[in-house]
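Quick one: sequence plus predicted model below, questions after.
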Amino acid sequence: MHSVSVNLEPAQFLTGYRAESGSLFVPALSESRVGDEVALRLGIYGQTIRATLFGKVSLVRRVGRPALPPGVELQLDRGSLAAAGFLAAAARGEPVSFRERAPRYVVARRLVVEHGGNLFETASVNVSEGGCAIGWPGALPLVGDVVALKLRSGPFPPTARAIVCWNQAGGAGERTVGLRVVMQGRAGRAWRALVAEAARRGARAA
């Protein structure tokens, strides 16, 4: 998983974004290969809106010229299309009210996290159908890093794959990381059940 943070001029974004095909050309990551997965934290100059988009590299241009800069074309995943649409509206100068995250619930759920070969236990700050925010000890991971979340105790707990969407250092050494959970298989079903249970129990909305 490649990760990069990019700010584009409005015209750059609108020229590179193809809503009908769900593709986006980004003048970065030209060292990537077709098929590589990418987490892209993208902002528009002059706007406060930023979003994390996910996709796969479908085209690589390693050498370019002023009208055709080097970079990659991403085929955005389905979950990133709405965020890309909000970025396009912002780039066109339209007034937008953008919420990158889905509704979520304040839940302190104990989780075992694996990152970079290290295991540690932490707690969620909040959870949603798409992911969660968790406390993070030590150095913050990079946007785009992949982590594993063990969702229950026991000999064979479901383990969900998650991708870092944002990271934030707070006061007094507090660190928080936002994760997007990959909704696949048994782990995806377990995560949806976890969030549904929080809603049923009347957990406070974040």
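Received the coordinates, thanks.

CA atoms for contacts and neighbours, from now on please.
Fine.

now residue 49: how far from residue 204?
As judged by C-alpha to C-alpha, to the nearest Å, residue 49 and residue 204 stand 26 Å apart.

now do residue 94
33 Å.

Nearest residue to residue 95 in space, please, no chain neighbours.
Nearest residue to residue 95, sequence neighbours excluded (C-alpha to C-alpha, 6 or more residues apart in numbering): residue 89, at 7.6 Å.

List the contacts of the helix ranked longest in the chain.
Of all the segments of type helix in the chain, defined by DSSP state H, the longest one is helix 185-200. For helix 185-200, contacts defined as C-alpha atoms under 8 Å, 6 or more residues apart in numbering pick out 105, 107, 127, 128, 129, 151, 158, 159, 160, 181, 182, 183.

Please spell out which residues along it are buried.
Under the neighbour-count criterion of 16 or more other C-alpha atoms under 10 Å, helix 185-200 has 187, 188, 190, 191, 192, 194, 195, 198, 199 buried.

tell me the domain ranges of the protein?
Here the domain parsing of the chain from automatic domain parsing is 2-91, 104-200.

I'd like the ones you listed as CSV, with mean pLDDT appended.
Shown next, in CSV, are the domains of the chain (pLDDT from 0 to 100):
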stretch, mean pLDDT
domain 2-91, 87
domain 104-200, 86
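
Helix, strand, or coil at residue 28?
Under the three-state scheme (DSSP: H, G, I helix; E, B strand; the rest coil), residue 28 adopts coil.

I figured it hits residue 70, correct?
Yes. When contacts are counted by C-alpha atoms under 8 Å, residue 28 is listed as touching residue 70 (7.0 Å).

what about the closest residue to residue 123 other than its chain neighbours, neighbour count?
Leaving aside its chain neighbours, residue 123 sits nearest to residue 110 (4.4 Å; criterion: C-alpha to C-alpha, 6+ apart). Applying other C-alpha atoms under 10 Å, we find 16 residues neighbouring residue 110.

Spit out the contact partners of residue 110.
Residue 110 touches 121, 122, 123, 124, counting by C-alpha under 8 Å, 6+ apart.

among the contacts of helix 185-200, which ones are buried?
For the contacts of helix 185-200, buried by 16+ other C-alpha under 10 Å: 105, 107, 127, 128, 129, 151, 158, 159, 160, 181, 183.

Contacts only, for residue 11.
Residue 11 neighbours (C-alpha under 8 Å, 6+ apart): residue 91.

Distance of the residue positioned nearest the centre of the chain relative to residue 90?
Centroid-nearest residue in the chain: residue 165, 3.5 Å away (criterion: C-alpha atoms, centre = their mean). For residue 165, the distance to residue 90 (C-alpha to C-alpha) stands at 20 Å.

now do residue 26
17 Å.

and what of residue 84?
Residue 84 is 10 Å from residue 90, by C-alpha to C-alpha.

For residue 20, the count of nearby residues, please.
A count of neighbours around residue 20, defined by other C-alpha under 10 Å, yields 6.

does it count as helix, strand or coil?
Once three-state DSSP is applied, residue 20 turns out coil.

And the helices in this structure?
Using DSSP H, helices in the chain cover 10-16, 81-91, 185-200.

will you turn these into JSON lines that also has distance to residue 115?
Shown next, in JSON lines, are the helices of the chain (distance: least, C-alpha to C-alpha, whole Å):
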{"stretch": "helix 10-16", "distance to residue 115": "33"}
{"stretch": "helix 81-91", "distance to residue 115": "27"}
{"stretch": "helix 185-200", "distance to residue 115": "17"}
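
If anything else comes up later, I'll come back, but that's it for now.
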